[in-house]
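Q: What shape does this take:
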Amino acid sequence: MSPTPASTVSLVALLRRFRRNRKGDAIVQFALVAPVFFALLFAIIETALMFFATQVLETMTQDSARAILTGQAQNANYQASDFKTYVCGKIPALFSCSGISVDVQSYNAFAAININSQINNGAFVNNMQYSPGGPGDIVVVRVFYQWPLFVTGLGYNIANLNQAGYKRLLAATVAFQNEPYK
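A: Numbers count the residues shown, from 1 in each chain. Sure, this is the predicted structure:
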């Protein structure tokens, strides 16, 4: 049986009415734009939080390096674990002590300083040393933290440690000449 002309006309009228109706227009546009908007918003928040964490790590490193600069760490016979515990005492809620790596190296002159990258093929190179030097020595204190990233699955990837899950290596460096302590 063939369709009646009335049902064909009503279908065409229904399609015309649907095309003219704009009541759901905003929700459809929002559904199209929302994923991109939220991905961008979360990427901005994650980047800002990472920059804030880097600044906190810088401040923490400067405060901790002062113990070496003034000779307090040397006079107290700090070892690498003791100095890491001292650094961990300055950690705010952003970091965990287990994720902190501390590298302290001393040199005879500023020209002799050689700082290597701690990233090799997407992996963290953990060759930390502890040599705080003596009075008048040049010292470089570096503190590292592997910051976890969450928005990388949305196409925004700032990770530089890809072998440890998506993480970004935050680093803070302080270079100074030890005071002539006794």
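Q: From the chain's centroid, how far away is the longest helix along the chain?
A: Taking residue count as the measure and DSSP state H as the definition, the longest helix of the chain comes out as helix 25-69. Here helix 25-69 is found 8 Å from its chain centre; the criterion is Cα atoms, centre = their mean, to the nearest Å.
Q: downstream neighbour of that helix in the secondary structure list?
A: On the C-terminal side of helix 25-69, the nearest following helix or strand under DSSP states H and E is helix 72-75.
Q: what does the following helix or strand past that next one contact?
A: Toward the C-terminus, helix 72-75 is succeeded by helix 80-88 as the next helix or strand (DSSP H and E). If you take Cβ atoms under 8 Å, 6 or more residues apart in numbering as the criterion, helix 80-88 is touched by 60-61, 64, 67-68, 73, 76, 78, 97, 100, 102, 104, 128-130, 132, 143. (Glycine included, C-beta is placed from N, CA and C.)
Q: Name the helix or strand of this protein that has the lowest mean pLDDT.
A: Of the helices and strands making up the chain, the lowest-confidence element is helix 5-20, at a mean of 73, by mean pLDDT, DSSP states H and E.
Q: Nearest residue to Ser101 in space, ignoring adjacent ones along the chain?
A: Computed as Cβ to Cβ, 6 or more residues apart in numbering, the closest residue to Ser101 that is not its neighbour in sequence is Phe144, at 4.3 Å.
Q: Within the sheet, what are the partner strands of the helix or strand hosting the one you found, with directions?
A: In the assignment (DSSP H and E), Phe144 maps to strand 138-148. Looking at strand 138-148 with DSSP bridges, its partner strands are strand 100-107 (antiparallel), strand 167-177 (antiparallel).
Q: Please identify the most buried of the ones you listed.
A: Taking mean count of other Cβ atoms under 10 Å as the contact definition, the stretch among the strands paired with strand 138-148 with the greatest mean neighbour count is strand 100-107, which reaches a mean of 20.
Q: mind checking pLDDT for Tyr166?
A: In this prediction, Tyr166 carries a pLDDT score of 83.
Q: Please save the CA atoms from stretch 24-38 in CSV.
A: Only the C-alpha atoms of stretch 24-38 are listed here, as CSV (Å, rounded to 0.1, in the frame of the first residue of the first chain):
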residue,chain,number,x,y,z
GLY,A,24,17.2,24.0,21.4
ASP,A,25,19.7,26.0,19.4
ALA,A,26,21.8,27.2,22.4
ILE,A,27,22.1,23.8,23.9
VAL,A,28,23.4,22.3,20.6
GLN,A,29,25.9,25.1,20.3
PHE,A,30,27.1,24.7,23.9
ALA,A,31,27.4,20.9,23.3
LEU,A,32,29.7,21.6,20.4
VAL,A,33,31.8,24.3,22.1
ALA,A,34,31.9,22.9,25.7
PRO,A,35,34.6,20.2,25.3
VAL,A,36,37.0,22.6,23.7
PHE,A,37,36.2,25.3,26.3
PHE,A,38,36.7,23.0,29.3
